[in-house]
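K.L.:
here is my input, please return the structure:
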Amino acid sequence: MNWSTLLCPERIRSSAKPASSADLRTEFEKDYHRIIGSASFRRLQDKTQVFPLDKSDFIRTRLTHSLEVSSLARSLGQNISQYILQNRLDPDFTRQMQSDVCSIVQCAGLIHDIGNPPFGHFGETTIQDWFRQNLPVLTFENTPISEYLSPQMINDFYHFEGNAQALRLVTRLHFLIDENGMNLTYALLNTIIKYPVSSMGINKKSGNIKEKKMGYFYADRDIFEKIQTATGTNGCRHPLCYILEAADDIAYLTADIEDACKKGFITCSQLISDLRSEEVLCRMLPEEQKYYLDRVEDLQNRYQKALARNIFDPENYAVSNWIIRVQAFFIDCATYGFTKNYNAIMDGTYKYDLFAGTHGQALHDRLGKIAYQRVFISQPIFKLEIAAATVLEFLLDKFTAAAIHYDTDHPLTDVQKKLMTLISENYKAVYRRQSEGKSPQEKLYLRLMLVTDYVCGMTDSYARRLYQEMNGID
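P.N.:
Numbers count the residues shown, from 1 in each chain. Now for the predicted structure:
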């Protein structure tokens, strides 16, 4: 892969008129303004990051998380590009390319979660579980849908993925001018495709990070191929995708800990104790342990200083300040991870994240496990997730039953007709365009996609309110 092709500024729909001489923005800077001004981006302010249906205004939403990822990604892009230039890792890499890299990853951070359903990642698993349970039971033309559709169509729902939905949203569902969605640049679109495989290419046991999940739906295979061809990645991850993923990791690992402390799931003392676990330390190499313990000592010192200065809420104060230092540490580690493995990344053969084999890997892994053990498998979160599942399962029950025979000769009930009127006309227009001339099998698949498009476009509040209204709850 080469940067001149990877940083492709072209779009699916090219502009019909020449750019104004007064507009000095690059194509990637134009992407930024398209995203910031979009309703799809604004909806992230009412979508869960970790705590579904939480009423606190401190806890992060998808919007604040995306802004943090965008900022971190730009910093990483700046650091990595500067290293490439200064150390001449690639003679074809220019100063303008450095600027373009920063703009692209900044935009990618803003939209990387834009396709996620309501109620955080739990929303994804709820959708997956619902289809696994119901597609073998629901029928079309007297045949179970799980047998009527092709294996890839079925797997799209069984492995439903917010990343794939993000690509679908920005290229089809977000109506700006026409059917091309936001019509973003190819370089940006490929940067958000974390997993350049279909639902049939998922292989979590392969050890290759690009096969962990799916990156595009069967319905969007044509767009995926255009993006791959335009940027020259040919089934490999776009190098900037590693930067986006690292920024996402840094943001959520540190934010989950800070939010958990603020919500009272864990104290600063417990965090220090969890980080000092002998079980964890004994598995580290001496040099790895040194860098890890330096970070733990920093947290301990910040807590002690907060106590000595009689600062109000010293635990949260210490953790919040420590998080900033940890983020800087992780940025250094990810920069090293990219530049050390530069050739493998550019060849498309690198299989891991940017923290693998760096001084930050141990802390990266440990923070993730602490958040899981202290927050994600706690009773308060379980209760919130059960409430969220009740809402999503009800909506999927009602709208899928109506959509199965929508746009067919099979009559809908009066209630089902009313349900279909609730779905956005924009989404139904996308369905009509995509289904034109398609087989009955693919049309059914697209009608199921119509339901997931509608549900994923909901904010947490809208999904809950719609559930209440449809159940007659005041």
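K.L.:
any regions of this structure where pLDDT drops low?
P.N.:
Counting by pLDDT under 70, the chain shows low-confidence ranges at 15-21, 49-59, 176-178.
K.L.:
spit out the contact partners of the residue positioned nearest the centre of it.
P.N.:
Nearest to the geometric centre of the chain sits residue 113, at 3.5 Å (CA atoms, centre = their mean). Neighbour list for residue 113: 44, 47, 62, 65, 66, 162, 166 [criterion: CB atoms under 8 Å, 6 or more residues apart in numbering]. Every C-beta, even on glycine, is put in place using the N, C-alpha and C of the backbone.
K.L.:
would you mind giving both backbone torsions of it?
P.N.:
Dihedral angles of residue 113 (phi, psi; degrees, to the nearest 10) stand at phi -110, psi 10.
K.L.:
what separation do you get for it and residue 37?
P.N.:
According to CB to CB, to the nearest Å, residue 113 and residue 37 sit 18 Å apart.
K.L.:
report the distance from stretch 329-342 to the chain centre.
P.N.:
How far stretch 329-342 lies from its chain's middle: 21 Å, per CA atoms, centre = their mean, to the nearest Å.
K.L.:
neighbouring contacts of it?
P.N.:
In contact with stretch 329-342 (CB under 8 Å, 6+ apart) are residues 72, 75-76, 79-80, 83-84, 87, 89-90, 239, 242-243, 246-247, 249-250, 253-254, 295, 345, 350, 353-361, 363-364.
K.L.:
and if we set it to 6 Å?
P.N.:
By CB atoms under 6 Å, 6 or more residues apart in numbering, the residues outside stretch 329-342 that reach it are 75-76, 79-80, 83, 89, 246, 250, 350, 354-355, 358-360.
K.L.:
buried stuff in the helix or strand harbouring residue 448?
P.N.:
In the assignment (DSSP states H and E), residue 448 maps to helix 440-456. For helix 440-456, a neighbour-count test (16 or more other CB atoms under 10 Å) marks 442-456 as buried.
K.L.:
try stretch 132-152
P.N.:
Using 16+ other CB under 10 Å as the burial criterion, the residues of stretch 132-152 that qualify are 134, 135, 138, 140, 145, 146, 148, 149, 152.
K.L.:
need the contact list for the last one.
P.N.:
Residue 152 makes contact with 199, 200, 218, according to CB under 6 Å, 6+ apart.
K.L.:
what does residue 32 give?
P.N.:
By CB under 6 Å, 6+ apart, the neighbours of residue 32 are residue 107.
K.L.:
please begin residue numbering at 52 from this point
P.N.:
With the count now opening at 52, the last piece we talked about shows up as residue 83.
K.L.:
so how far is residue 342 from it?
P.N.:
Taking CB to CB, one finds residue 83 at 35 Å from residue 342.
K.L.:
list the contacts of residue 349.
P.N.:
Per CB under 6 Å, 6+ apart, neighbours of residue 349: none.
K.L.:
now it: which helix or strand?
P.N.:
Using DSSP H and E, residue 349 falls in helix 337-359.
K.L.:
repeat for residue 255
P.N.:
Short version, using DSSP H and E: residue 255 is in no helix or strand.
K.L.:
give me the neighbour count for it.
P.N.:
9 (other CB atoms under 10 Å).
K.L.:
from the buried residues of helix 491-507, pick the one nearest residue 427.
P.N.:
residue 507 (21.6 Å; CB to CB).
K.L.:
I'd say the closest one and residue 168 touch.
P.N.:
Yes - the criterion here is CB atoms under 6 Å, and residue 507 meets it with residue 168 at 4.4 Å.
K.L.:
what would the contacts of residue 164 look like in JSON lines with neighbour count, distance to residue 461 and secondary structure?
P.N.:
Shown next, in JSON lines, are the contacts of residue 164 (neighbours: other CB atoms under 10 Å; distance: CB to CB, whole Å; DSSP: H, G, I helix; E, B strand; the rest coil):
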{"residue": "95", "neighbour count": "21", "distance to residue 461": "37", "secondary structure": "helix"}
{"residue": "98", "neighbour count": "27", "distance to residue 461": "35", "secondary structure": "coil"}
{"residue": "113", "neighbour count": "24", "distance to residue 461": "37", "secondary structure": "helix"}
{"residue": "116", "neighbour count": "24", "distance to residue 461": "42", "secondary structure": "helix"}
{"residue": "117", "neighbour count": "26", "distance to residue 461": "41", "secondary structure": "helix"}
{"residue": "213", "neighbour count": "21", "distance to residue 461": "31", "secondary structure": "helix"}
{"residue": "217", "neighbour count": "24", "distance to residue 461": "33", "secondary structure": "helix"}
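K.L.:
pull out the buried positions in the lengthiest helix in the chain.
P.N.:
Secondary structure of the chain per DSSP state H: the longest helix is helix 365-391. The neighbour-count check on helix 365-391 (16+ other CB under 10 Å) flags 365-374, 377-378, 380-382, 384-390 as buried.
K.L.:
now the angle from it to helix 337-359?
P.N.:
Put simply, helix 365-391 runs at 150 degrees to helix 337-359, going by axes from the mean of the first three to the mean of the last three CA atoms, to 10 degrees.
K.L.:
all helices of the stretch 102-251 of the chain, in order?
P.N.:
Assigned by DSSP state H, counting those that start in this stretch, the helices in the stretch 102-251 of the chain fall at 113-137, 146-162, 171-185, 196-199, 202-209, 213-219, 237-242.
K.L.:
and among those helices, the most buried is which?
P.N.:
Most buried of the helices of the stretch 102-251 of the chain, by mean neighbour count (mean count of other CB atoms under 10 Å): helix 237-242, with a mean of 29.
K.L.:
next secondary structure after that one?
P.N.:
helix 272-282.
K.L.:
contacts for that next one, please.
P.N.:
57, 59, 61, 222, 237, 240, 241, 267.
K.L.:
cool, and stretch 292-309?
P.N.:
101, 111, 119-120, 123-124, 127-128, 156, 159-160, 242, 245, 370-371, 374, 377-378, 381, 385, 405, 418-419, 422.
K.L.:
ok, back up a step: mind checking how far the residue nearest to the centre of the chain is from residue 442?
P.N.:
Note on residue 164: its distance to residue 442, by CB to CB, is 19 Å.
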